[in-house]
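Engineer: generate a structure from the sequence data that follows.
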Amino acid sequence: MTRDTTEPTGPARTGVRLRGGRPWAALPFLLALTGYAVVLVLWWDRLPDPVATHFSGADGHADGWTSRTGTAVTGAVLLVVAGAVWTAFVRRPALAGAWATAGFLGALLALMLRANLDATGPEPATLSLGHLAAGAAVAGLAALAGWAVSRLVVEEGRPGASAPEGEPDARLPLGAGEVAGWSRYTGSAALTALGAGLVLAGPVVLAAGWWPVAPLLVAVGAAGLGLARVRVTADRRGLTVAPAVTGRPRIRIPLDEIEGADARDVRAVADFGGWGYRVRAHRTGLVLRSGEALVVRRAGGREFAVTVPDARTAAALLNTLAARHGKV
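Structural biologist: Numbering: from 1, shown residues only. Okay, here's the model as predicted:
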């Protein structure tokens, strides 16, 4: 097999280009935090003490209150924590999600403060479904801005930065009539702890009166728990990576898309910018820890990596099966 060693061209590198993905995930939360601080300063004397922070019913009437200082601190902490999570675990292609989250939280905090302006008691303050719709509209516009920024971002690093652990494109000897399959479970204690922490934080935040935020924390935490332990399978269907508990959603690379496979030693932060599902300039990966990883080269020059024990055996089997399929 002749291997093309030229770097995939990808999108045309013309016009303005931004370096790295992480700062651009943090930027919308910094903007939202700044806007929140400005609104607090401008409206501070017009806000009641306590401030209505929990609303229920179709008309969104207030039924929970927090001190004015507590409201200011809680909102700031919420933006900082959400920004830290997005910045740590999300890269360029998901910038739209980070911007949407920042836009929604920032808009909701501002709308809540506006609903409390010049209130002489708890009854006048309301936060209705219309306000939530306005927050969702802001989130949509922010998502478009994040998507536009993502088109300008160039991820640092290059494919194949880590040295292979073994012989590239090694094959597993199989007879003409033999069939084989390989499967391993792999997981991340850190991602499990983070996911569980966010899920447990949901009821706490709900009890504190931030009811729109609680479902978001639980959803993000549940997604993290779903990715914390996965099953990696190499067989006649190709490579399959699926959550160990639910089996869905799954990542599948069929044999006819596999150009080759090998085992490499990867560093989660240095090579992929963190843990979880990661996307770089010419490769994607499910990185649950640093160490041994199975790396599959796909048609078109992109790579997919998943950190898993005994990656050499999986790579050799995929090379053999892909050769039978006429690709390697």
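Engineer: okay, now the unreliable bits of the stretch 51-200 of the chain?
Structural biologist: Low-confidence segments of the stretch 51-200 of the chain (pLDDT under 70): 57-60, 62-63, 89-94, 121-124, 151-169, 172, 174-177, 190.
Engineer: strands of that one, residue ranges please.
Structural biologist: 51-56, 61-66, 153-154, 182-187 (DSSP state E, counting those that start in this stretch).
Engineer: could you point out which of those sits nearest residue 103?
Structural biologist: strand 153-154 (18.3 Å; CB to CB). Heads up, the C-betas are built off the backbone N, CA and C, glycines and all.
Engineer: report the buried residues of stretch 239-258.
Structural biologist: Buried residues in stretch 239-258, counting neighbours by 16 or more other CB atoms under 10 Å, are found at 239-243, 253, 255, 257-258.
Engineer: tally of neighbours for residue 85?
Structural biologist: Close neighbours of residue 85, defined as other CB atoms under 10 Å, add up to 20.
Engineer: what ranges do the helices span in the stretch 101-250 of the chain?
Structural biologist: Applying DSSP state H, counting those that start in this stretch to the stretch 101-250 of the chain gives helices spanning 129-150, 189-207, 213-228.
Engineer: quick revisit: name the nearest of the buried residues of stretch 239-258 relative to residue 33.
Structural biologist: Checking those one by one against residue 33 (CB to CB), the nearest turns out to be residue 243, at 33.4 Å.
Engineer: for the residue nearest to the closest one when sequence neighbours are not counted, give me its contacts.
Structural biologist: Nearest residue to residue 243, sequence neighbours excluded (CB to CB, 6 or more residues apart in numbering): residue 226, at 4.7 Å. Residue 226 makes contacts with 195, 243, 245-246, as judged by CB atoms under 8 Å, 6 or more residues apart in numbering.
Engineer: ok, now residue 241?
Structural biologist: Residue 241 makes contact with 230-233, 250-252, 286, 306, according to CB under 8 Å, 6+ apart.
Engineer: hang on, the earlier thing: tell me the pLDDT of the residue nearest to residue 243.
Structural biologist: On the pLDDT scale, residue 226 is placed at 77.
Engineer: tell me which of the strands of the stretch 51-200 of the chain lies nearest to residue 222.
Structural biologist: strand 182-187 (15.7 Å).
Engineer: pull up the pairing partners for that closest one, direction included.
Structural biologist: strand 229-235 (antiparallel) (DSSP bridges).
Engineer: before we move on, back to that, most packed of the helices of the stretch 101-250 of the chain?
Structural biologist: Of all the helices of the stretch 101-250 of the chain, helix 213-228 has the most neighbours on average by mean count of other CB atoms under 10 Å, namely a mean of 19.
Engineer: how big is the angle separating that one from helix 189-207?
Structural biologist: 160 degrees (axes from the mean of the first three to the mean of the last three CA atoms, to 10 degrees).
Engineer: just how off-centre is helix 213-228 within its chain?
Structural biologist: The chain centre lies 11 Å from the centre of helix 213-228; the measure is CA atoms, centre = their mean, to the nearest Å.
Engineer: sort out for me which of the contacts of residue 226 are in strands.
Structural biologist: Members of the contacts of residue 226 lying in strands (criterion: DSSP state E): residue 243.
Engineer: can you list the contacts of residue 226 in TSV and add distance to residue 189?
Structural biologist: Below are these laid out as TSV (distance: CB to CB, whole Å):
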residue	distance to residue 189
195	11
243	16
245	16
246	20
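Engineer: between the contacts of residue 226, which sits nearest residue 72?
Structural biologist: Among these, residue 195 lies closest to residue 72 (CB to CB), at 28.9 Å.
Engineer: how far away is the closest one from residue 100?
Structural biologist: Residue 195 is 20 Å from residue 100, where distance means CB to CB, to the nearest Å.
Engineer: equivalent analysis for residue 34, please.
Structural biologist: For residue 34 relative to residue 100 (CB to CB), the value is 18 Å.
Engineer: the more surrounded of the two?
Structural biologist: Neighbours were counted for residue 34 and for residue 100 using other CB under 10 Å; residue 100 has more, 22 against 12.
Engineer: quick one: contacts for the more buried one?
Structural biologist: Going by CB under 8 Å, 6+ apart, the list of residues near residue 100 reads 139-140, 142-143, 146.
Engineer: and what of residue 318?
Structural biologist: 234, 238-239, 255, 258, 261, 296.
Engineer: so can I have a markdown table of these showing distance to residue 170 and pLDDT?
Structural biologist: Below are the contacts of residue 318 laid out as a markdown table (distance: CB to CB, whole Å; pLDDT from 0 to 100):
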| residue | distance to residue 170 | pLDDT |
| --- | --- | --- |
| 234 | 13 | 90 |
| 238 | 18 | 88 |
| 239 | 16 | 92 |
| 255 | 17 | 87 |
| 258 | 14 | 87 |
| 261 | 9 | 88 |
| 296 | 14 | 90 |
